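In: Pasting the sequence and the predicted coordinates here, then a few questions.
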Amino acid sequence: MERVHPEPIQPTLVADYHCQVGEGPLWHAASQCVYWTDIQTGRLFRYHLPTGKSEQFYQGRSVGGFTFQEDGSLLLFQHGAVVSYPLDGREPRILIEETPDRPLRFNDVIADPAGRVFAGTLPAKNARGEEREGCLYRLDRD
């Protein structure tokens, strides 16, 4: 079998924030940035491709995944809630909160071409200490 590259391809380190679980890189064309989360520490980062600069711009509740909304805000799927997080300095807004019977521990989120968002959850204990299995949720645009 013929090798395409005579030398092994080496990845390029573009940002090193010592993430515990760095996950979910998502390209945002309007800002020319790649966004990602460190789930365990509740941090969000972005890397601006044209300048090569990166930054941490959020720290709070654990973020299992996120998507972009039409207005440029992030939709954060946090441990215990779904939050609209504007990047322009406006106040975040809680859209969905867990209930005592429905713990929400999100992991992995994706938007489909129609703008619906699918979010998976990990197993978590409810208020009575009962283990609830993970599942898949869908949020429609409305």
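Out: It's in.

In: Give the helix, strand or coil label for the spatially most central residue of the chain.
Out: In the chain, the centroid-proximal residue (C-alpha atoms, centre = their mean) is residue 65; its distance is 2.4 Å. Secondary structure for residue 65, judged by DSSP: H, G, I helix; E, B strand; the rest coil, is strand.

In: That one touches residue 118, doesn't it?
Out: No. Judged on C-beta atoms under 8 Å, residue 65 makes no contact with residue 118 at a distance of 9.7 Å. C-beta here means a position set from N, CA and C on the backbone, and glycine is covered the same way.

In: Verify the stated contact: residue 96 with residue 78.
Out: No. With contacts counted by C-beta under 8 Å, residue 96 stays clear of residue 78, the gap being 9.8 Å.

In: Among these two, which residue is more densely surrounded?
Out: Taking other C-beta atoms under 10 Å, residue 96 and residue 78 do not tie; residue 78 has more neighbours (25 against 16).

In: Isn't the more buried one up against residue 58?
Out: No. Residue 78 lies out of contact with residue 58 (C-beta under 8 Å); the separation is 10.4 Å.

In: Would you mind listing the residues touching both of the two?
Out: Counting by C-beta atoms under 8 Å, 6 or more residues apart in numbering, the contacts common to residue 78 and residue 58 are residue 42.

In: what touches both of residue 65 and residue 118?
Out: Common neighbours of residue 65 and residue 118 (C-beta under 8 Å, 6+ apart) are 109-110.

In: Look up phi and psi at the nearest residue to residue 135 once chain neighbours are set aside.
Out: Closest residue to residue 135 apart from its sequence neighbours, by C-beta to C-beta, 6 or more residues apart in numbering: residue 121 at 5.6 Å. The phi/psi pair for residue 121 (degrees, to the nearest 10) reads phi -120, psi 160.

In: Just the residues contacting the lowest-mean-pLDDT helix or strand in the chain, thanks.
Out: Here the helix or strand of the chain ranked lowest by mean pLDDT, DSSP states H and E is strand 124-125, holding a mean of 82. Around strand 124-125, the neighbours that count as contacts under C-beta under 8 Å, 6+ apart are 103-105, 131-132, 134.
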